[in-house]
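Sequence unavailable; structure follows:
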């Protein structure tokens, strides 16, 4: 690797921070405000992309800002691992910026200026994480990311949003303290926290007890944002945020900063060899395997689409961690490649969920019967991304999971191979009902959509009660004993519409009313829309189709896509093995 002094890493970090001021100054002029947002996103992506050819050729771009604390420099570097995260974050921020315009205007959301300013600050912090040259600089930006994303999590300003925000701060600031403590232990043992491909050499001669303690602290700290169980519960609660924020949390910045931090620890602080010698890799792999299976089971029980996607994210992030923890070069390739693969697929899924909300105000899967007629492009994109999440060929998830499976088998970790296969089956189980409901059911014939209903899932009683989101079954006891008056349409409180009482609406009028309340038109089924984009604004459809296309490109021509080339370079540098 050849170090080149350059201001480009610093510029990539600062560009979105600088435009916060003009964004705030353009409060009364939304077109100008969003122009600044798109300009910054294009500039940031251009700066990062301009460094990719050099990094692939063996160059590392470095900006040194002087001494941070004695023995530690405040420096930014664009190395292969940093470029992987930075290129992904900058590309998808550009896409999300356009989507945010359509989403926020479509719902006429309040505080849009604050939203775009916080979004810009979040991407500056994420880019700082990508290009941090050592643990302490990474810690600074890791904490700044928490601060910048807090206004986005609490955007709705409801009691639920504020509670989710407080939980988010408690978890992530707690994780930050653990990262700082681990960084101090590494510095105490080695005299440095600077990243080095293959690990910091001095750690190999450090006391194994302190080395294991430092590793544990760093993994716990980064594991909070990576949503490793039992540190995951902030993530589903954060779904109260607007959908573009959910995309930011799940695909672009926050959770990816967690797995990126774990990648830095495994590859550039301890190194694969030392992780194996200390025996901590198998423990981390076991935690990841447990998380990816259990969170998939929990996803089966969710009727709210965003919460099902949230638990899916918890599972999919653990694929990445598992690949890093198994330590085999093929598994490392699979884990690192799943960072962009998951990002494109999950962003597609959340964008689709947001479009459904904007256009039909539908959030629960049990209310989506036949919605594919109303949103054909959106639900087709959802189906393709869901196939990829389940590891079906020709979509990005298949390639990364193939490397993971081969890597776990080659390393002798058959139990981890089984966990991957079981989770893949569960992925099909919780995504297929969404696609089936959208395209193959009609409103009058649909059934409740939590796949699993029992006490462990928090849903009790009859299927009708489950469709109501887990309300007290006693409140609905009279419905299960009725004589068929409940035809499957329920009011906003989950009670069956009474079509038989004196003075009540007749059956057809009641059904039409309830359909309108849940985003249906007044006809017996969803309104048909053509496949020409008439279902929504292109500010949202364009990003959906772009993210979906990225998922397909990574699945069909992974060697042509630059992400796989970067991943191969990272693994070769950390292990000395070309894959």
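Sure, I can see it. Note that the structure is predicted; figures quoted are calculated from it, not measured. Residues are numbered from 1 along each chain as shown.

got the residue ranges for the helices in the stretch 51-200 of the chain?
Per DSSP state H, counting those that start in this stretch, the stretch 51-200 of the chain carries helices over the ranges 80-106, 112-131, 135-153, 159-190.

State the number of residues packed around residue 122.
29 (other Cβ atoms under 10 Å). C-betas here are computed from N, CA, C, even on glycine.

Make sure it is actually in contact with residue 153.
No - between residue 122 and residue 153 there is no contact under Cβ atoms under 8 Å: 10.6 Å.

and the longest strand for the protein?
strand 59-69 (DSSP state E).

by contact count, what packs against that one?
When contacts are defined as 3 or more Cβ pairs under 8 Å, 6 or more residues apart in numbering; DSSP states H and E, strand 59-69 packs onto strand 2-5, helix 8-18, helix 30-56, strand 72-78, helix 135-153.

got a pLDDT number for the nearest residue to residue 14 once chain neighbours are set aside?
Nearest non-adjacent residue to residue 14, counting by Cβ to Cβ, 6 or more residues apart in numbering: residue 124, 6.8 Å away. As predicted, residue 124 sits at a pLDDT of 93.

ok, residue 124 - contacts?
By Cβ atoms under 8 Å, 6 or more residues apart in numbering, the contact set of residue 124 is 13-17, 144, 148.

from memory residue 247 sits against residue 350, does it?
Yes - in this structure, residue 247 is within contact of residue 350 by Cβ under 8 Å, at 4.2 Å.

coming back round to it: redo the helices of the stretch 51-200 of the chain as TSV? Include distance to residue 55.
Below are the helices of the stretch 51-200 of the chain laid out as TSV (distance: least, Cβ to Cβ, whole Å):
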stretch	distance to residue 55
helix 80-106	5
helix 112-131	11
helix 135-153	18
helix 159-190	25
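
closest to residue 370 out of these?
Set against residue 370 and scored by Cβ to Cβ, these come closest in helix 80-106, at 21.8 Å.

follow-up on the earlier one: residue 332: which of the contacts of residue 124 is nearest?
Using Cβ to Cβ, those come closest to residue 332 at residue 13, 26.8 Å.

contacting residues around the closest one?
Residue 13 makes contact with 76, 124, 127-128, 131 under the criterion Cβ under 8 Å, 6+ apart.

Any quick ChimeraX command for the buried ones out of the contacts of residue 124?
The following ChimeraX line selects those of the contacts of residue 124 that are buried, judged by 16 or more other Cβ atoms under 10 Å:
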select :13,14,15,16,17,144,148
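
Save the contacts of residue 124 as TSV, and put in distance to residue 209 too.
Output for the contacts of residue 124, formatted as TSV (distance: Cβ to Cβ, whole Å):
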residue	distance to residue 209
13	36
14	41
15	44
16	42
17	41
144	32
148	36
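
about what we covered before: of all the helices and strands packed on strand 59-69, which one is nearest residue 553?
helix 30-56 (15.9 Å).

The closest one relative to helix 8-18, how many degrees between them?
170 degrees (axes from the mean of the first three to the mean of the last three Cα atoms, to 10 degrees).

Next, the angle helix 112-131 makes with helix 30-56.
10 degrees.

in terms of contact count, name the helices or strands touching the helix or strand hosting residue 387.
Here residue 387, judged by DSSP states H and E, is contained in helix 376-389. With contacts defined as 3+ Cβ pairs under 8 Å, 6+ apart, the packing partners of helix 376-389 are helix 329-360, helix 371-374, helix 396-410, helix 414-440, helix 538-556.

centre of the chain versus the fourth one, how much separation?
In this case it means helix 414-440. 18 Å (Cα atoms, centre = their mean, to the nearest Å).

Pull out the buried positions in that helix.
Those would be 416-417, 419-420, 423-424, 426-427, 429-431, 433-435, 437-439, for helix 414-440 by 16+ other Cβ under 10 Å.

tell me the mean pLDDT over that helix?
Mean predicted confidence for helix 414-440 is 92.

now the angle from that helix to helix 376-389?
Using the same axes, to 10 degrees: helix 414-440 against helix 376-389 is 170 degrees.

What angle do helix 329-360 and helix 414-440 make with each other?
Using the same axes, to 10 degrees, helix 414-440 lies at 20 degrees relative to helix 329-360.

re the thing from before, need the helices and strands packed on strand 59-69 in a markdown table (columns: mean pLDDT and distance to residue 400).
Below are the helices and strands packed on strand 59-69 laid out as a markdown table (pLDDT from 0 to 100; distance: least, Cβ to Cβ, whole Å):
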| stretch | mean pLDDT | distance to residue 400 |
| --- | --- | --- |
| strand 2-5 | 88 | 30 |
| helix 8-18 | 94 | 26 |
| helix 30-56 | 93 | 20 |
| strand 72-78 | 92 | 23 |
| helix 135-153 | 92 | 24 |
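
now for the ones you listed, which one comes closest to residue 301?
helix 135-153 (23.4 Å).

Report the buried residues of the closest one.
Neighbour-count burial for helix 135-153 flags 135-146, 148-153 (criterion: 16+ other Cβ under 10 Å).

Torsion angles phi and psi at residue 111?
Backbone geometry at residue 111, expressed as degrees, to the nearest 10, gives phi 50, psi 40.

OK, contacts around the closest residue in space to residue 237 that isn't next to it in sequence?
Spatial nearest neighbour of residue 237, chain neighbours left out: residue 164 (4.3 Å); criterion: Cβ to Cβ, 6+ apart. By Cβ under 8 Å, 6+ apart, residue 164 lies in contact with 153-154, 234, 237-238, 240-241.

So which of those residues wins on neighbours?
residue 153 (29 neighbours).

ok, it touching residue 163?
No - taking contacts as Cβ under 8 Å, residue 153 lies outside contact range of residue 163: 10.4 Å.

The closest residue to residue 34 other than its chain neighbours and residue 116: what is the separation?
Leaving aside its sequence neighbours, residue 34 sits nearest to residue 101 (Cβ to Cβ, 6+ apart; 5.3 Å). Distance, residue 101 to residue 116, using Cβ to Cβ, to the nearest Å: 9 Å.

what sits in contact with each of these two?
Residues within reach of residue 101 and of residue 116 at once, by Cβ under 8 Å, 6+ apart, are residue 34.

contacting residues around residue 295?
229, 232, 311-312, 314-315, 318.

tell me what the helix or strand where residue 313 lies is packed against?
Element membership for residue 313, per DSSP H and E: helix 305-326. Secondary-structure packing of helix 305-326 (3+ Cβ pairs under 8 Å, 6+ apart): helix 234-237, helix 243-247, helix 254-264, helix 281-299, helix 329-360, helix 396-410, helix 414-440.

could you redo these as CSV and give each row distance to residue 274?
As requested, the helices and strands packed on helix 305-326 are exported to CSV (distance: least, Cβ to Cβ, whole Å):
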stretch, distance to residue 274
helix 234-237, 30
helix 243-247, 36
helix 254-264, 14
helix 281-299, 10
helix 329-360, 15
helix 396-410, 19
helix 414-440, 20
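
List the residues that contact the closest residue to residue 337 other than its chain neighbours.
In this structure, residue 337 finds its nearest non-sequential neighbour in residue 400, 4.3 Å apart by Cβ to Cβ, 6+ apart. Applying Cβ under 8 Å, 6+ apart to residue 400 gives the contacts 319, 334-335, 337-338, 341-342.
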